[in-house]
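Asker: Only the shape, not the letters, is given here:
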């Protein structure tokens, strides 16, 4: 199996960190999104949706979308569990993965995709023709601030985003914070002590280098 | 356990159909979203996020977000599997759930939340203060059309959205089509024969009444 990857993009990093936490050494191949390699025929023959990451399986078929790839990797390498392995922890972990995605990661991408000139005409990512809406820039930035504040409150009561154990919800949150700082210069406010304590810990795990 | 539900809203319907497919009879309690009952103290004491659906467990804790509740129900009642029960089907099912959510259901809600006067000031749903961006109405409608066309192509090659078996990805797609028709008057074009064949079948399953 092989991961089609782009080192600078946030979605493939979510897969790389997940694999690193499981001790899985995935063979990777870079697809240069800045040069539009994902829109070229060679890549579209592999993944007609033109999206990265894409996990190609040994039979030539593949799985896309971060949480699709996560679920596949969790099934083939259950330990350590990153998606929860009992009914309640599984439900709650996916709940927090979804909240981090909808209230943090997606507003971040909304801002990037609707502000950055290189996304003109494809503001939803992928192959779909979608014009930018500049107002989504400030909305995304403002929603990120709301997400950080909400999380700071949540992390007063538990060590990790989804509960007592590190999980995929921490991965989405870490990647959101790092990419928002790099691309939007939106950072975690100094008075968010719980979120900063959490950030220091998870960004010092070896997987954060992935 | 008890499902906090609102009969007219699309997200709780996704949970009700899922439960019906599994033969689970969930006790439900209506939360009238049109009258803002989810923002009142009694409900916020249960679910501080003010979102519906919410699955309250017997110990008083709860799980929110549709796919969090789905995962919990799949764990306690594995058959019939609606999220895939082998590595590849599990990964591929979640991939298609995510595509249906990101490319169909979310654009639909974007349009509704940014067009309907009753969402003024809370255009992301939930408690967060978010002003409407009217341009998201036409963008959402246009993206829905793109989603239907893409799916029509996919369904030329297989019976269900995620593959050979009915799954949660079909539920999200069905609820998207029905709610888009009811709220936005966006319907599946007549020339989308594969999507129409699929729609006729899944909407005739008894679970579609849920």
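Answerer: Nice, I can see it. These numbers come from a predicted model, not from an experiment.
Asker: drop to CA atoms for contacts and neighbour counts, all remaining ones
Answerer: Noted.
Asker: Let me know the angle separating the top helix by length along chain A from helix B:136-154.
Answerer: The longest helix of chain A (DSSP state H) is helix A:136-154. Orientation check (axes from the mean of the first three to the mean of the last three CA atoms, to 10 degrees): helix A:136-154 against helix B:136-154 gives 90 degrees.
Asker: name the helices or strands packed onto helix A:136-154?
Answerer: helix A:106-115, helix A:193-203 (3 or more CA pairs under 8 Å, 6 or more residues apart in numbering or on different chains; DSSP states H and E).
Asker: who does the helix or strand where residue A:3 lies pair up with?
Answerer: Using DSSP states H and E, residue A:3 falls within strand A:2-5. When pairing is defined by DSSP bridges, strand A:2-5 lines up against strand A:27-30 (parallel), strand A:54-56 (antiparallel).
Asker: Same list (those) but as JSON lines, adding mean pLDDT.
Answerer: Rendered in JSON lines, the data for the strands paired with strand A:2-5 read as follows (pLDDT from 0 to 100):
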{"stretch": "strand A:27-30", "mean pLDDT": "97"}
{"stretch": "strand A:54-56", "mean pLDDT": "98"}
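Asker: most packed of the ones you listed?
Answerer: Mean neighbour counts were compared across the strands paired with strand A:2-5 using mean count of other CA atoms under 10 Å in any protein chain shown; the top stretch is strand A:54-56, at a mean of 23.
Asker: Show me what the following helix or strand past that strand pairs with in its sheet, parallel or antiparallel.
Answerer: Where DSSP H and E defines the elements, the next helix or strand beyond strand A:54-56 is strand A:62-64. Strand partners for strand A:62-64, identified by DSSP bridges, are recorded as strand A:54-56 (antiparallel).
Asker: And the contacts of the strand it pairs with?
Answerer: A:1-5, A:47, A:62-65, A:69 (CA atoms under 8 Å, 6 or more residues apart in numbering or on different chains).
Asker: Up against chain B, what does chain A have?
Answerer: A:63-73, A:75-76, A:86-88, A:90-95, A:98-99, A:128, A:130, A:133, A:135, A:139, A:143, A:146 (CA under 8 Å from any CA of the partner chain).
Asker: Buried residues, the helix or strand of chain A with the lowest mean pLDDT. List them.
Answerer: Across the helices and strands of chain A, mean confidence by mean pLDDT, DSSP states H and E is lowest for helix A:41-46: a mean of 94. Within helix A:41-46, the residues that count as buried by 16 or more other CA atoms under 10 Å in any protein chain shown are A:43, A:46.
Asker: Quick check: buried residues in the longest helix of chain A?
Answerer: A:136-137, A:139-149, A:151-152, A:154.
Asker: From what I see, residue A:76 and residue B:87 are in contact.
Answerer: Yes: the pair residue A:76 / residue B:87 is scored as a contact, 6.4 Å apart, by CA atoms under 8 Å.
Asker: Neighbour count: the two, which is higher?
Answerer: residue B:87 (17 against 11; other CA atoms under 10 Å in any protein chain shown).
Asker: how close does that one get to residue B:34?
Answerer: 41 Å (CA to CA, to the nearest Å).
Asker: same thing with residue A:191?
Answerer: 36 Å.
Asker: Report the residue spans of chain A with pLDDT below the cut-off.
Answerer: Within chain A, no range satisfies pLDDT under 70.
Asker: mind giving me the domain split of it?
Answerer: Following automatic domain parsing, one gets these domains for chain A: A:2-76, A:87-205.
Asker: can you put those domains in JSON lines and add distance to residue B:124?
Answerer: Shown next, in JSON lines, are the domains of chain A (distance: least, CA to CA, whole Å):
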{"stretch": "domain A:2-76", "distance to residue B:124": "22"}
{"stretch": "domain A:87-205", "distance to residue B:124": "9"}
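Asker: Quick one: residues in contact with stretch A:185-200.
Answerer: A:141, A:145, A:148-149, A:151-153, A:155-156, A:159-160, A:174, A:177, A:180-181.
Asker: Ignore what I typed, I meant stretch A:22-31.
Answerer: A:1-7, A:19, A:37-38, A:52, A:77, A:79-80.
Asker: who does the following helix or strand past the longest helix of chain A touch, helix- and strand-wise?
Answerer: On the C-terminal side of helix A:136-154, the nearest following helix or strand under DSSP H and E is helix A:168-179. In terms of contacts (3+ CA pairs under 8 Å, 6+ apart), helix A:168-179 is packed against helix A:10-21, helix A:87-100, helix A:193-203.
Asker: Buried residues, the longest one. List them.
Answerer: Put plainly, it is helix A:87-100. A:87-100.
Asker: which strands and helices sit next to it?
Answerer: By 3+ CA pairs under 8 Å, 6+ apart, helix A:87-100 packs against helix A:168-179, strand B:62-64, helix B:66-76.
Asker: Go ahead and name everything in contact with the last one.
Answerer: Okay, so that is helix B:66-76. Contacts for helix B:66-76 (CA under 8 Å, 6+ apart): A:86-88, A:90-95, A:98, B:11-12, B:14-15, B:18-19, B:53-55, B:63, B:81-83.
Asker: now with 7 Å?
Answerer: Here helix B:66-76 makes contact (CA atoms under 7 Å, 6 or more residues apart in numbering or on different chains) with A:87-88, A:90-92, A:94-95, B:11, B:15, B:55, B:63, B:81.
Asker: how much space is there between residue A:70 and residue A:26?
Answerer: The value you get for residue A:70 to residue A:26, if CA to CA is used, is 13 Å.
Asker: Of those two, give the one with the bigger neighbour count.
Answerer: Legend: neighbour count by other CA under 10 Å for residue A:70 and residue A:26, higher for residue A:70 (24 against 15).
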